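1. Give me the fold of what follows.
(one chain, ligands or ions: 1)
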Amino acid sequence: MNWFDSLFESQARRVARMSSRRGALARVARVLVGTAFTLPVLPFDRIGATAQAAGAKKKVDDDTSCDYWRYCALDGFLCTCCGGTISSCPPGTEISKVSWVGTCHNPLDGKDYLITYNDCCGATTCGRCGCNHNERERPGYRMGVHNDINWCMANASNSYNCTVAAIVDVSEK
Ligand code: ABN
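-> Residues are numbered from 1 along each chain as shown. As a prediction, the model looks like this:
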């Protein structure tokens, strides 16, 4: 009978523990204490989040990046990645006789600039740093503000290599 008594007693204690107010409070306390101790040590990837934020930041001051402020209406390959500079064509190519323009905001000084985009002609497509920004760009019937066209059309060689972005004017506000 002894084993039956102790089985009954342990079951009765278990039921009492589960259903008593003190038992319920003890369970809640265990959950709260467990949470307080484990949450701060969970492996949050704070470094990854910071790196992502830095990567997402636009590179408005790097003229080999599509996000450089002067490229706001540029569709083409950056000459800065192709052996030229932001305003001069790579050796062996010549600047297009016609161009399109854009108005870009320079966040570094807060001013708006008129930018002329010229294609560089006479060599095969560079293929590096392809960009496609279309701020205030318009369809082909507004040719001067249309960028999706090979502006080498009027040159001796129509081969398109890359695109430069020179400042023409600044708006004084
Ligand atoms: N104006 C840049 C360009 C060249 C060829 C084709 C499309 C766009």
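2. Do you know the pLDDT at Glu9?
-> Glu9 is assigned 77 on the pLDDT scale.
3. What about it, how many residues nearby?
-> Counted with other CB atoms under 10 Å, residues neighbouring Glu9 total 10. Quick note: C-beta positions are derived from backbone N, CA and C, even for glycine.
4. just checking, it is part of a helix?
-> Yes - counting by DSSP: H, G, I helix; E, B strand; the rest coil, one finds Glu9 located in a helix.
5. For the protein, which segments are assigned as strands?
-> Assigned by DSSP state E, the strands in the chain fall at 75-77, 94-95, 100-106, 111-121, 130-132, 160-171.
6. Quick check: neighbours of the first one in the sheet, parallel or antiparallel?
-> Read that as strand 75-77. Take DSSP bridges as the rule and strand 75-77 pairs in its sheet with strand 130-132 (antiparallel).
7. Briefly note if the partner strand comes near the ligand.
-> No - using CB under 6 Å from any ligand atom, strand 130-132 stays clear of the ligand, coming no nearer than 8.9 Å.
8. which residues touch Gly102?
-> Under the criterion of CB atoms under 8 Å, 6 or more residues apart in numbering, the contact partners of Gly102 comprise 72-74, 114-115, 117, 135-137, 145, 147.
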